[in-house]
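Q: the following comprises the amino acid sequence and a computationally predicted model.
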Amino acid sequence: MKNSFIKDIAFYVPEKILTNDDLSTMMDTSDEWIKTRTGIEKRHSTGDTNMGPADLAVLASNKLFEKIGMDKNEVDFVVFATSTPDYYVPGSGALFQEKMGLDNIGVLDIRQGCSGFTYALSVADKFIKTETYSKILVIGAEVQTTQLDFDNDGRGTAVLFGDGAAACLLTSTDGDKGILSAHLHSDGQFIDVLSSSHPSSKYKDIINEDNIKKRQHHIHMNGREVFKHAVRRFKEVILEGLENNNLTIDEVDMVIPHQANYRITQTVQKQLGVSEDKVFSNVHNYGNTTAASIGIALTEALEQNKIKKGDIVVLASFGAGFQWGSVVIKW
């Protein structure tokens, strides 16, 4: 059976930077308050450029193809993860395919929030292992800053998120390297703990003035509940992946968690009993870029030579839904 391997990966973030000091002019917060609670120092924003996830994904993908030296038309399928699609209908995958000039290949949209990248990799991995496709472009792209509530009512979430996109090429290989396994979970009883309830097709008016007045079109989050469940599920799903492959935590060379909050990352690192240098973090520079965060972090870990051939790498995610997952890779 064929195995799937990440040939290479690249990312793009918008030029505009929002620092913590910038946010302190919009709401009652401060650089110290944000850094102490989240570890975040700045995040990137599309601002008023009218760029959507598909646009960011094109820029990330162009960087990837230039890096690999590959013709984009060699790609035979796209898996596109985002929770902030350019259109209500259709998903961003079709728009990306058109903007990228990929001739009539199939695209699949994944809407698993912060777990989007692990879900997308898992789906692409199965397509390659069944020899349905051999070169799959996996995208995680988000534009969160346009839907945040940048005032005191939205302070708890507005300081967390940033915009960006990551693109990786998953290819087939006959060797023992590549994705060893993926493990995906969800628990829908916690949907309202982290959600944006409108616009919604449940109602005759998918969004109205009352929804806007109640700020139901913005993301709402119970931070304490998210933290409590995140640290538990991260540890569980990482250990599940290792047990499935008869590996121990001591054999792991690098953990790349979803970049949500540095306090979550620190807590998971301590619970796993691994050294700080084995759990990658770059949330201070980008904030929470949702489906793009793992891809951005993985790119920087590779660029910083923190991952080498033969290493055991675990990607792990947790997000809205709740939905969580892990992907175990032999590099």
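A: Done, it's in. This is a predicted model, so every value here is computed, not measured.
Q: so how far is Asp21 from the residue nearest to Glu15 when sequence neighbours are not counted?
A: Once flanking residues are discounted, Glu15 sits nearest to His44: 7.6 Å by CB to CB, 6 or more residues apart in numbering. Any C-beta I mention is one placed from the backbone N, CA and C, and that applies to glycine too. Per CB to CB, to the nearest Å, His44 is found 15 Å from Asp21.
Q: still on that earlier bit, run a quick neighbour tally on the residue nearest to Glu15.
A: For His44, the neighbour count with other CB atoms under 10 Å is 21.
Q: repeat that for Val123.
A: Residues near Val123, counting by other CB under 10 Å: 19.
Q: in contact with it, which residues are there?
A: Residues in contact with Val123 (CB atoms under 8 Å, 6 or more residues apart in numbering) are Val79, Leu108, Ile110.
Q: of these, closest to Pro53?
A: Ile110 (11.8 Å; CB to CB).
Q: hey, what's the closest residue to that closest one other than its chain neighbours bridged with?
A: Leaving aside its chain neighbours, Ile110 sits nearest to Ala81 (4.1 Å; criterion: CB to CB, 6+ apart). Per DSSP bridges, residues listed as beta-bridge partners of Ala81: Ile110, Gly140.
Q: and Ala81, what does it touch?
A: By CB under 8 Å, 6+ apart, the residues touching Ala81 are 109-112, 116-117, 119-120, 138-141, 291.
Q: which residues does stretch 265-283 contact?
A: Contact partners of stretch 265-283, identified using CB under 8 Å, 6+ apart, comprise 38-40, 231, 234-235, 238-239, 249, 252-257, 259-262, 293, 296-298, 300-301, 306, 316.
Q: filter these down to just the buried residues.
A: 38-40, 231, 234-235, 238-239, 249, 252, 254-257, 259-262, 293, 296-298, 300-301, 306, 316 (16 or more other CB atoms under 10 Å).
Q: which of those fall in helices?
A: Among the buried ones among the contacts of stretch 265-283, the members found in helices (DSSP state H) are 38, 231, 234-235, 238-239, 262, 293, 296-298, 300-301.
Q: ok, of those residues, which one's closest to Pro90?
A: Ser293 (24.3 Å).
Q: local confidence estimate at the closest residue to that closest one other than its chain neighbours?
A: Excluding its sequence neighbours, the residue lying closest to Ser293 (CB to CB, 6+ apart) is Gln259, at 4.1 Å. On pLDDT, Gln259 comes in at 96.
Q: wait, Gln259 sits on Thr289?
A: Yes - in this structure, Gln259 is within contact of Thr289 by CB atoms under 8 Å, at 7.0 Å.
Q: show me the shaky parts of the protein.
A: For the chain, the stretches with pLDDT under 70 are 152-155, 193-223.
Q: OK, contacts around the residue nearest the centre of it?
A: Centroid-nearest residue in the chain, with CA atoms, centre = their mean: Ala291, separated by 2.3 Å. Contacts for Ala291 (CB under 8 Å, 6+ apart) come out as 81-83, 110, 112-117, 120, 140-142.
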